[in-house]
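In: Show me the folded form of this:
(chains A and B)
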Number of protein chains: 2
Amino acid sequence: MHETDGLRAGPASQQGMRRANLALVLGVIARAPRSRAEVAADTGLTRAAVSSLAEELIAAGLVVEEGPAAPSGKVGRPGTALGLNPQGPGGLGAEIGVEHLGACVVDLRGEVRAWRRQEIRNRGRRPAAVLADLAELLRAAAVEAGLRPAGLTLAVPGLVGDGGGQLQRAANLGWQDVPVTAELRLALRAAGAGQLAELPIDADNEANLGGLAELWLGGAPEHFLHVSAEAGVGAAIVVGGRLLRGARGYAGELGHVPVRPDGPPCACGAHGCLEQYAGEAAVLRAAGLEGIRGDWVALLAERAEAGDEEVRAALAGAGSALGIASAGAVNLLDPAEVVLGGGYARLAPWLLGAMRAELAARVTVRPWTDERLTVSRLGRRGPLLGAAVGVVRAIVADPGRLDV
Amino acid sequence: MHETDGLRAGPASQQGMRRANLALVLGVIARAPRSRAEVAADTGLTRAAVSSLAEELIAAGLVVEEGPAAPSGKVGRPGTALGLNPQGPGGLGAEIGVEHLGACVVDLRGEVRAWRRQEIRNRGRRPAAVLADLAELLRAAAVEAGLRPAGLTLAVPGLVGDGGGQLQRAANLGWQDVPVTAELRLALRAAGAGQLAELPIDADNEANLGGLAELWLGGAPEHFLHVSAEAGVGAAIVVGGRLLRGARGYAGELGHVPVRPDGPPCACGAHGCLEQYAGEAAVLRAAGLEGIRGDWVALLAERAEAGDEEVRAALAGAGSALGIASAGAVNLLDPAEVVLGGGYARLAPWLLGAMRAELAARVTVRPWTDERLTVSRLGRRGPLLGAAVGVVRAIVADPGRLDV
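Out: Got it, this is the predicted structure:
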């Protein structure tokens, strides 16, 4: 006797099933344009069910008919291919950096439709002033893209606990306990972007979003460690295709892993943290460029390219410290790859040698090969891309959230 | 229009549903004895379905009638409570230590029904000789318990990759690339324990199994880091109630996280690994007891209790190194707790002070409170308990695997 009838099927489970099926169909279409027949074959749903679900997705503006599908090798008419609607809802990304602001819009396919970056020294500025500038940038990006945004995610250079919304600490901005999503909403309203102010707004650490961008767009494997720098040093740990956030949402603080326990004092109160060897201030100091203004990554890259030995030595020192801390992380986490991202991607030519040497010497489960340390193609674009793409990925994963 | 009928329901999904419902019912009964009516209320299944599923579980020997259920406050006869069958299939655990062997049997409820430990110096012995001794111990434990075992898991002090079965490296035994489950099967046959030789046999790292024991039996939270010692130093990382195994199954090598990058050379080829400060050989050396034989944990604990200052200083040094490495891991992983287990649990009184001081100074997201460093109640019993209990938990999670 089979017990399939034992479950009390109620309205809740029927709605849940319809929502799951919408997601199933949209997920197949998102991987590549597909005819209704192909969607039915891929999902195990009946053709009638697929047609009905597709109508709903088309009516919601998520899917469009793209013309004849590629020949499938089967008998019969090929049917029309269904694809994600490039004029459908978009994802809005925002970024607060220590030396810049960013805004971008991607469409449902993840294509960038607007990209704005403003160089501006935010260190020590009041949150309200920074968020006012950011709101202007977002408004302009949204107008340029011309899509109906479905949500906004803000990348910040600091700690955001679980539940989002609250920026606990951003040492390099001098900010503490800022309700950053609520303040951004106010700033958007004040900037005359009332429509954007009504969106779901989320905030996340820039290193987390950079890591997710690497997973979604950068071709990273299911298990990897993403090591990145802006002003601080951050990491994203991806395990089985999911970001490891930890008990309170604070995982990934590679910048405060001890490299030399009796090393220089760190702003965090400890000694010899990675940030004291590979963070912006430490590298500039080692290069004899302490206190210099502007884009430190571009500056160091230019000088290193020009053959500046002091800068090259400073970067090798940073690479060595990055290798020591990363080797510890590899021994703990056994990732398939370590991806060097953010500002480090641009500086990689002068970091990689020393970093590889430390990894080769210290990773305990061998073989560890140099190829497992890779350089991000997204680089500093990662966090902003991750913020925007995360919004559209959430729609594709569960179109029912849009009230289809 | 609802699309619940769109899924092609076939025989496969009906069998899957029945199997899932068996697991659902057994899971409720495993938490606490329950009447059929209570099981129906807890699961949302109909009473008829619960009765039918319960009959199958009883026929399979997994469930027994325990007499009248506790009064539920509802009208009507209370019904008979269903509980896990203490005479049902059991879980067999085995352990190869550097200085001991272990075997244990637990029943479906997780109660220990047989526990054997043999002190024996395995370092440098041939695997076949060690496994022959272990097979004898397992046979004796199985006879004592008198249960029909459903599986066997072996805890080993070394690296076991994904897919199990192969012990890649156990430095403290001097073993490399040993097909340990296949050899144990041969040894069981040779020992006249043919029934045990037919069981599914799995192998896992002792630190992983100790961490799982902490999760299942020790009251650890969903996110924690379990730090343990036998001859080496190991860790288990539990994230969201699941063991983090990494890309190849080698996660948790805390013993080879660099504490002082220019520190003493390690057998792994690196310098200044945690094991060089907190492993057996390092602590004995620091205590002036290098080369001593026998149970190092018991010896150090006795001397420290007796007030031996050299031993106390050596343990404080180990605690400091454990604190430095754990602080790095906490910054990376954001666990809710660090649990000190294995041999360290017994040595905790002399480790905790220095370890707490380093954690307090180096954990970057505060507050970090001393209470978040806890001591395992299971101690060195953890890995063997974890091995055996894992077998019965797998049955309860999916009784269908037993061909119910």
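In: pull the helix or strand with minimum mean pLDDT from chain A.
Out: The weakest-scoring helix or strand in chain A, judged by mean pLDDT, DSSP states H and E, is helix A:11-31 (a mean of 84).
In: looking at this, residue A:364 is in a strand?
Out: No: Residue A:364: not assigned to a strand; according to DSSP: H, G, I helix; E, B strand; the rest coil it is coil.
In: Quick check: closest non-adjacent residue to the residue in the stretch 151-300 of chain A positioned nearest to chain B.
Out: Closest to chain B within the stretch 151-300 of chain A is residue A:246: 2.5 Å, counting by Cβ to the nearest Cβ. Using the backbone N, CA and C atoms, a C-beta is placed for each residue, glycine as well. Residue nearest to residue A:246 in three dimensions, not counting chain neighbours: residue B:334, with 2.5 Å by Cβ to Cβ, 6 or more residues apart in numbering or on different chains.
In: now residue A:208
Out: residue A:236 (5.1 Å).
In: Check residue A:326 too.
Out: residue A:338 (5.4 Å).
In: Spit out the contact partners of that neighbour.
Out: By Cβ atoms under 8 Å, 6 or more residues apart in numbering or on different chains, the contact set of residue A:338 is A:224-225, A:227, A:326, A:329-330, A:359, A:372-374.
In: then the least confident helix or strand of chain A to PDB, C-alphas only?
Out: Extracted in PDB, the C-alpha atoms of helix A:11-31 (Å, rounded to 0.1, in the frame of the first residue of the first chain):
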ATOM      1  CA  PRO A  11      -4.900  25.400  -0.400                       C
ATOM      2  CA  ALA A  12      -1.500  26.300   1.000                       C
ATOM      3  CA  SER A  13       0.300  23.400  -0.600                       C
ATOM      4  CA  GLN A  14      -1.500  24.000  -4.000                       C
ATOM      5  CA  GLN A  15      -0.400  27.600  -4.000                       C
ATOM      6  CA  GLY A  16       3.100  26.500  -3.000                       C
ATOM      7  CA  MET A  17       3.100  24.000  -5.800                       C
ATOM      8  CA  ARG A  18       2.100  26.600  -8.400                       C
ATOM      9  CA  ARG A  19       4.800  29.000  -7.100                       C
ATOM     10  CA  ALA A  20       7.400  26.200  -7.300                       C
ATOM     11  CA  ASN A  21       6.300  25.400 -10.800                       C
ATOM     12  CA  LEU A  22       6.600  29.000 -11.900                       C
ATOM     13  CA  ALA A  23      10.100  29.000 -10.600                       C
ATOM     14  CA  LEU A  24      10.900  25.700 -12.200                       C
ATOM     15  CA  VAL A  25       9.800  27.000 -15.600                       C
ATOM     16  CA  LEU A  26      11.500  30.300 -15.300                       C
ATOM     17  CA  GLY A  27      14.700  28.700 -14.100                       C
ATOM     18  CA  VAL A  28      14.800  26.500 -17.300                       C
ATOM     19  CA  ILE A  29      14.200  29.500 -19.500                       C
ATOM     20  CA  ALA A  30      16.800  31.500 -17.600                       C
ATOM     21  CA  ARG A  31      19.600  29.000 -18.500                       C
END
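In: buried set for it?
Out: A:17-30 (16 or more other Cβ atoms under 10 Å in any protein chain shown).
In: A helix includes the residue of the stretch 151-300 of chain A closest to chain B, no?
Out: No: with three-state DSSP as the criterion, residue A:246 is located in coil rather than a helix.
In: burial measure for it, as a count.
Out: Burial measure for residue A:246: 24 neighbouring residues, criterion other Cβ atoms under 10 Å in any protein chain shown.
In: contacting residues for it?
Out: Residue A:246 is in contact with A:252, B:223, B:239, B:333-335, counting by Cβ under 8 Å, 6+ apart.
In: same check, this time on residue A:67
Out: Counted by Cβ under 8 Å, 6+ apart, residue A:67 has contacts A:80-81.
In: cool, residue A:150 as well?
Out: Counting by Cβ under 8 Å, 6+ apart, residue A:150 touches A:89-91, A:199-200, A:391-392, A:395, A:402.
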